[in-house]
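Q: okay, predicted coordinates and the sequence, questions at the end:
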Amino acid sequence: MTPGKSYPFLVLCCALLHLSALAQDKQQEKLPVKFGKVTPEDFNVTVKGPDSAAGAVIIADYGNSSFDGNQRGWFSLAFKHSRRIKILRRSGFDAATVTIPLYTAGTETEKIESLHASTYTLEDGKVVETKLDDKSIFTDKISKHWINKKFTFPGLKEGAIVEFTYTQTSPFLFQLQPWEFQGEIPCLWSEYQVDMPNFFQYATIAQGYLPFYISKTETRRGHFFMTDPGGAGKDERFSFEDEVVTHRWVMKDVPAMKEEAFTTTLNNYIAKIEFQLSRYNFPGGYQQDQMGNWLKWTAALLKDDDFGADLAKSNSWMDDSLKVVLKGAATPLEKAKKIYAYVRDNFLCTSHDNLYTSTSLKTTFKNRNGNEADLNLLLTAMLLHEKINADPVILSTRSHGFTSPMYPLLSRYNYVISRMTIDSSVYLLDASEPWVGFGKLPTRCYNGLSRLISMDNPSPLYLDADAMKEQKTTIVFLTKEEKGPGLLGHLQSTPGFNEASGIRVKVKEKGQQEFSKGIQTAYSGEIGFSNLELDSLKQPDMPLALAYDLTIKPDPSNGVFYFNPMLSEGYKENPFKAAERVYPVEMPGVIDETYILNMDIPEGYEVDEIPKSTKVAYNDDEGYFEYIVVKNADNIQFRSRLQLKKANFKPEDYNTLREFFGFIVKKESEQIVFKKKKA
Amino acid sequence: MRKINCLLVTLLSSVLVRAGDKIDFNVSSIPASLQTNADVVLRIDETRFEITAVGRAREYHHYALTILNERGDKHARLVLDYDKLHEIESISGTLYDATGKKIKSLKKQDISDYSGTGDESLISDDRVKVHSFYYKVYPYTIEYETEVKYYYTMFFPGWVPLEDEHYAVQNSKITVVCPTDYKFRYKVFNYSKEPVVQTDKGTTSYTWEVSNLPAMENEFGAPSRYEITPTVCLGPDQFEVEGYSGNMKTWQDFGKFVYALKAGKDQLPEPIRQKVHQLTDGVSEPREKIRLLYEFMQQNTHYISVQLGIGGWQPFDAKYVAEKKYGDCKALSNYMYSLLKEAGVKSYYTLIKAGQNGHYMVDDFPSSQFNHVILCVPQPKDTVWLECTSQTIPAGYLSGFTSDRWALLVDEDGGKLVRTPKYYRRDNLQSRRIEASLDPEGNLSAMIRTQYRAEQMDELESMINQLSKDKVMNILKSELDLPTYDINKFDYREEKSAMPSIYETLDLVAPNYAQVSGKRIFINPNIMSRSRRRLHPDENRKYDIIGYYEYQDVDTTEIKIPAGYQLEAVTPKTSFESPFGLYTSTIKVEGDKILYLRQMDRYSGRWPASSYSEMVKFYEQLYKADNSRIVLVKKE
């Protein structure tokens, strides 16, 4: 989107409405249950298909959000929610415990009104109702801003129907209740209706793989009443009329969400609808944009005390400290590296999930700690202080979900890094993790669309996992010992960034000795391991190198010696264990692994058999696996190479990917067979 | 019944703070011997527990901890729990640099306050305050001072100065202050002196103190910490909780208190009473009555935990459970007790320390060391034990959660400590029969039938009963120890008895299970029962080795091999025995089949530290035997 040019899309042009071709009678179909009235026939519910083993099924889930004038001269949201669940088996009992999170900010708070919940069982053909008593509704204060209302249905048993209804009121107009059509258990009918008065306009954002059964819009006139507390004077009452647009969305026979490995977060794929307040549009002509655009947000963030306000200041409080830090640095790049290392190595990051700072940069500097926004904005300020061109970048981490490509939704962002330019070279920096090197980002940052927060260039920035090369090289030499059939060897490996980061963290947490024990465990019997060395362990700016010695002693009592040239490297198991796949495969980086082994043929042995050399392509040109063994007179040269060209794969590609890795596992388990020479 | 915590555990979670005394926290004043192998050094540590009345106490805690490196950061946080019965009066703290220079003080707004209700409870009144200085210039020192007020005296703090590995102690002490005529008890471990006793104006104090304890390292299978490091357990005679008073001088006394909390809570609603009689009146055999009522309880209740105030120790009454059809371990056990009582069967409400750590209990120091309640129904021949929080396990079966440990039986006469039964090697049986077939490409298809008995089935029992079938399938499809495979079909059958079994049938295919290299096939005949454990040699092993769990695995495997292949390399028989177990496996070829037999017996016991190398060897032999492949070669 070009900043400053157009307003964001409003509700009516929402992408969901292309379903208008649906038959009219379907559009008129009503909610199939009557909440509060359970008949013996209502117990005849079964689930067919892939979810037939489900422990519980939502028979109907119904939500309605509307706007009411309130006593404070403004509007409140009312969210009415009813749900009927059939508990099919004991494994579904968890569905009978309900938690409703409520938000509080200052004196404003979300509230629950008229909560009714009952369990219905069928006893001798009659429906028996057990009501939840008010004493069994509990309040758990989770933190400053959140409380949980919790209850569990009384008198539960297998085959029971449980049902609740409540109304939640909220003064927070920016939090119009979203709706998840899909959850942990299957749902036969999920319906959400929103009555939006014309004077509040929201952008509607839908996601997921499932189609709507009904998606309908109707317009009527609505009346609104509100009271304005006149302070010392008299309360004033208002009433007015405006157009109200009612949206109704229904999904039918919604399958349960399934967890899968290699997904950034399931939240990206769940069938869900969300809203973003975009505009006030009052009849008297009072209009105000509420969503903004990236140009406005960029300016606002840079002025915000909790984001960039300190960046524009002279920050002379850092003068003296920076002099010490920068001692001996001549060029801008040297300076930048020193500043980066200084922040990374001297400040503790308290959390990695923040769009905003927790305090001023000066306080962060004094405290030697802060969240990742504090640290990376401090880093940016320090670079700017040294006249190095740097800007903040905001992004959403992988586990936090994708950002919106359509709307300028700040709420989708939860992380800040720094982007620096020196002599037209661009560097992305994150000083919040001790194991991250200069110019590198942790995997969590590679989640697609991000934003550069710069008035000169307020632009999108793509951080794709495809750009994250996970390059690993391992070289092994095995040479004959002076006497006897044994071999002495040395393995040297430079793991890719992710693996290296993992090693750095592990050694930090458990110590090098424990890490060494872990490698040792991979060797046994005829192969011995010793002298582990880790290079650049504490210098995250340098690639990590790992090396150790090997001794190989063929068992003299056997006439044959079997040897896997991959040693402890390679794939022992298929990383794609599940036989089916629904969501895309999202790997943390692009695999590129090379393994080379040169070995002497053990004294007194000859090669009886060697694995066949082979090369297979993955989806034509999207990657390949190569396995090459060359036998010479007294040595063997071996090389295995795996390269993929991308990190993200469609669900349709899953089987190919699984078979490809299955082949690698198979090939990498093959053995070279040596036989004792006949005397 | 979470609130019934062991003394030792209570200590670990209680910490406090006020700063200001001029103590030298310069890191250079730590003796070198304490820095060896240490991530943190406890510089000073003073706990002062003051009993102000039978039901009131106050705990001051002041400590300073030097964090030497990043691995010590986990100790740098202050975590202080509280609830309606004990409140935090004050917290203060200071951060110092390596030279002992003050960097900053704790600010009130930096203390976070969270709900302590975990996932296992619907609701509790537990809350927790957390603070950290979040510092990372090592070494640094944190000092905290805290004060907690207790409105009950059921728990005294415990004292285990060496609370973790890589944790050295420069100085630590605990003082109990009480009215001179107040009676409390203590028991020490690895502490040879008597406490220092001082009397002043009607109050007496008792102090235990240690200095310069070097850091230790955890060892595999080592005894509980109190057995190997200086420890003091403390407990009251008379105590009070929310208007209930009790005495825990003896187990019998403590049992009386527990009984008083539940007295009169066994009244059943009329329809349930009728149901009890309808189920059992015609039944003469008491065991059958027990089974019928237990299954009735299982079918009509489920586990929900609500822990508020005294509710942490007191069960909801039987009527409550009958109406709501749920309860926690206390409420469900009391309900079951009431059902049996109605049927004329006497049972005991039984306190126990469940879970893996439950084997350790200071049995000669009566105190509230329990975290769970079960039911014990003595019978002339054999006692029946009932776990009332499971809706699926058979009557009379305890599972590894509560077997082989101390338990406190409670009735109107008080408490009595008894042992729960142990499941022996031949009880904990895994018997497996595999019929498999291998094709020339190395693909394996197998029909695997396994009987899991007693503790060998515990994990499986909860999996198949708590998860839906598709979730079970997902787990089976992803968690077997095979490189690539798929499950065609699975089935489970349960044999419900006091010595229960689960019979599993798996129909699976494992592509490329065997490796085909040219004319050879490499195959591990041990398809499903491979030991993965490898221990690290430790020449300086310090402590005894303890293993509570014993079991027997028996495997019979037949693999049909492709035509034209013969055995090239194989060890026909592997057999070894050690104090830790017995292993035998044999491989032979009969016609077109490989026949592989394996038996592995793991013994339980307590062994001296000197036998550790033998244990390492045992697991190495086991690993090697289980992971070695046989080689088939195509006949020329």
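A: Now that the structure is in, tell me what you want to look at. Note that the coordinates shown come from a computational prediction; the quantities given were computed from them, not determined experimentally.
Q: from now on I want contacts and neighbour counts done on CA atoms only, so please keep to that.
A: OK.
Q: the closest residue to residue A:492 other than its chain neighbours: which element?
A: Counting by Cα to Cα, 6 or more residues apart in numbering or on different chains, residue A:492 lies nearest to residue A:547, which is 4.3 Å off, once chain neighbours are set aside. Secondary structure from DSSP states H and E places residue A:547 in strand A:545-552.
Q: and that strand, which strands flank it?
A: As defined by DSSP bridges, the strand partners of strand A:545-552 come to strand A:487-494 (antiparallel), strand A:527-535 (antiparallel).
Q: before we move on, back to that, where's the residue nearest to residue A:492 relative to chain B, distance?
A: In this structure, residue A:547 and chain B are 20 Å apart, going by Cα to the nearest Cα, to the nearest Å.
Q: please apply the same query to residue A:221.
A: On the measure of Cα to the nearest Cα, residue A:221 and chain B end up 44 Å apart.
Q: does that residue count as helix, strand or coil?
A: Secondary structure of residue A:221, reduced to three states by DSSP: H, G, I helix; E, B strand; the rest coil: strand.
Q: residues touching the nearest residue to it once chain neighbours are set aside, list them.
A: Closest residue in space to residue A:221, ignoring its immediate chain neighbours: residue A:243 at 4.6 Å, by Cα to Cα, 6+ apart. If a contact means Cα atoms under 8 Å, 6 or more residues apart in numbering or on different chains, then residue A:243 has A:197-198, A:219-222 as its contacts.
Q: need phi/psi at the residue most central in space within chain B.
A: A centroid search over chain B (Cα atoms, centre = their mean) returns residue B:356, at 2.9 Å, as the residue closest to the centre. When read as degrees, to the nearest 10, the backbone of residue B:356 gives phi -60, psi -40.
Q: so it makes contact with residue B:401?
A: Yes: Residue B:356 sits in contact with residue B:401 when judged by Cα atoms under 8 Å, with a separation of 6.9 Å.
Q: and the residue of the stretch 401-550 of chain A that's closest to chain B?
A: Scanning the stretch 401-550 of chain A for proximity to chain B using Cα to the nearest Cα identifies residue A:509 as nearest, at 5.5 Å.
Q: check the stretch 501-650 of chain A too.
A: Here the residue of the stretch 501-650 of chain A nearest chain B is residue A:573; by Cα to the nearest Cα that distance is 4.2 Å.
Q: doesn't that residue fall inside a helix?
A: No: using three-state DSSP, the assignment for residue A:573 is coil, not a helix.
Q: quick check: closest non-adjacent residue to it.
A: Here the nearest residue to residue A:573 in space, its sequence neighbours aside, is residue B:483; by Cα to Cα, 6+ apart that works out to 4.2 Å.
Q: what sits against that neighbour?
A: For residue B:483, the contacting residues are A:572-574, A:665, B:510, B:513, taking Cα under 8 Å, 6+ apart as the criterion.
Q: can you tell me the closest non-neighbouring residue to residue B:400?
A: Spatially, and ignoring its direct neighbours in sequence, residue B:400 is nearest to residue B:455 (5.6 Å; Cα to Cα, 6+ apart).
Q: now residue B:467
A: According to Cα to Cα, 6+ apart, the nearest residue to residue B:467 is residue A:91 (5.3 Å).
Q: need phi/psi at that neighbour.
A: For residue A:91, the backbone dihedrals (degrees, to the nearest 10) come out as phi -60, psi -10.
Q: for chain B, which spans come out with low pLDDT?
A: Filtered on pLDDT under 70, chain B yields the residue ranges B:1-22.
Q: before we move on, the earlier item: pretty sure the residue of the stretch 401-550 of chain A closest to chain B is in a strand, no?
A: No: counting by three-state DSSP, residue A:509 falls outside a strand, being helix.
Q: turn the contacts of residue A:243 into a markdown table, columns for pLDDT, neighbour count and distance to residue B:495.
A: Formatted as a markdown table, the contacts of residue A:243 follow (pLDDT from 0 to 100; neighbours: other Cα atoms under 10 Å in any protein chain shown; distance: Cα to Cα, whole Å):
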| residue | pLDDT | neighbour count | distance to residue B:495 |
| --- | --- | --- | --- |
| A:197 | 91 | 24 | 63 |
| A:198 | 88 | 19 | 65 |
| A:219 | 93 | 14 | 63 |
| A:220 | 91 | 11 | 64 |
| A:221 | 90 | 11 | 66 |
| A:222 | 87 | 15 | 65 |
